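# Provided below are the primary sequence and the corresponding predicted coordinates.
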Amino acid sequence: MSGRRWRMMMSMAAVVVGLGLAMAGAQEPKRGGILLWYDYADPARLDMHTESGLAVSQAIAGLYSGIVQWGPEDGMQVGPDLAERWELSEDKQTYTFHLRKGVKWHDGEPFTSADALYSLKRILDPEKRSPRCGSLLRPLVDSVEAPDDFTINVRLKFQTPIFLSALASAWCKVLPKHIIERDGDMTRVESQIGTGPFKLKKYVRGSIIEWERNSDYFIKGWPL
């Protein structure tokens, strides 16, 4: 074995050992505390469905939930969020999502399939500017329906393995039907009502965006 190859193998072994020691010494996460995050720009508008700037997602994504999401156990896999489980039809073109029961919006209103259906139709509407989620889903989705209060059916235009990945995008969050009908859109600070792990506590334009833990979040014990 050449000296160069030996040195490379020893270096890799050292990295593996170092990672193992770091993991062994890692402590259990503690509940509470403050996490500071720098947002590179102040979001011009706060409507997740109709804006494309990353500053918007960074400012409010934690307030909302999607039908599915990346993670939470494995960040490389699509997992449950507002939908606790789903099935794919035999022809591989219809997804049936079974939504969680007992979920509440931050203002105490109950979440149902009417909210998910409203958000999906809003995103898919060709007359509605949805540069992020809409551009992902419109080429794939043929129709959506809600047969009952906790079920959503999504019919695809063709078989595709990328639909769940697209739906799990941070831009494809479910927004509150009753708030959009009240306010017309989601651009106001007072409109930021979600089902996510955090609530909007304070927003001073150009200065600070502050979240607080949602004590009624549907995954008990989260966020830490």
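Arrived safely.
# Test my guess that Val174 contacts Val68.
No. Here Val174 lies out of contact with Val68, judged by Cβ atoms under 8 Å, at a distance of 10.5 Å. No exception for glycine: its C-beta is placed from N, CA and C like everyone else's.
# Looking at those two, which has the bigger crowd around it?
Neighbours were counted for Val174 and for Val68 using other Cβ atoms under 10 Å; Val174 has more, 29 against 22.
# So, low pLDDT: which residues of this protein?
For the chain, the stretches with pLDDT under 70 are 1-29.
# The spatially closest residue to Asp148 that is not a sequence neighbour: what's it in contact with?
Among residues not flanking Asp148 along the chain, Ser113 sits closest, at 6.9 Å (Cβ to Cβ, 6 or more residues apart in numbering). By Cβ atoms under 8 Å, 6 or more residues apart in numbering, the contact list for Ser113 reads 99, 146, 148-152.
# List just the nearest of these to Gly221.
Leu99 (20.8 Å; Cβ to Cβ).
# For Val189, see how far away the closest one is.
To Val189, Leu99 is 28 Å away according to Cβ to Cβ, to the nearest Å.
# Out of those two, name the residue with the larger neighbour count.
Leu99 (25 against 13).
# Looks like that one contacts Phe150 (just checking).
Yes. Using Cβ under 8 Å, Leu99 makes contact with Phe150 at a distance of 4.4 Å.
# Overlap of the contact sets of those two?
Common neighbours of Leu99 and Phe150 (Cβ under 8 Å, 6+ apart) are 112-113.
# residues touching Ala116, list them.
67, 82, 97, 99, 146, 152, 174.
# ok but it is inside a strand, no?
No. Counting by DSSP: H, G, I helix; E, B strand; the rest coil, Ala116 is not found in a strand; it is helix.
# Just the element for the closest residue to Arg213 other than its chain neighbours, please.
Spatial nearest neighbour of Arg213, chain neighbours left out: Pro223 (5.8 Å); criterion: Cβ to Cβ, 6+ apart. For Pro223, there is no helix or strand it lies in under DSSP states H and E.
# Report the separation between Pro223 and Pro72.
Counting by Cβ to Cβ - Pro223 and Pro72 are separated by 10 Å.
# Then Leu137?
Note on Leu137: its distance to Pro72, by Cβ to Cβ, is 22 Å.
# And the two? Which one has more around it.
Comparing Leu137 with Pro72 by other Cβ under 10 Å, the one with more neighbours is Leu137, at 22 against 13.
# OK, contacts around that one?
By Cβ under 8 Å, 6+ apart, Leu137 lies in contact with 120, 123-124, 166-167, 172.
# ok, now with 6 Å
By Cβ atoms under 6 Å, 6 or more residues apart in numbering, the contact list for Leu137 reads 123, 166.
# do the one 3 residues further on as well
Contacts here follow Cβ under 6 Å, 6+ apart; on that basis Leu140 touches 156, 160, 163.
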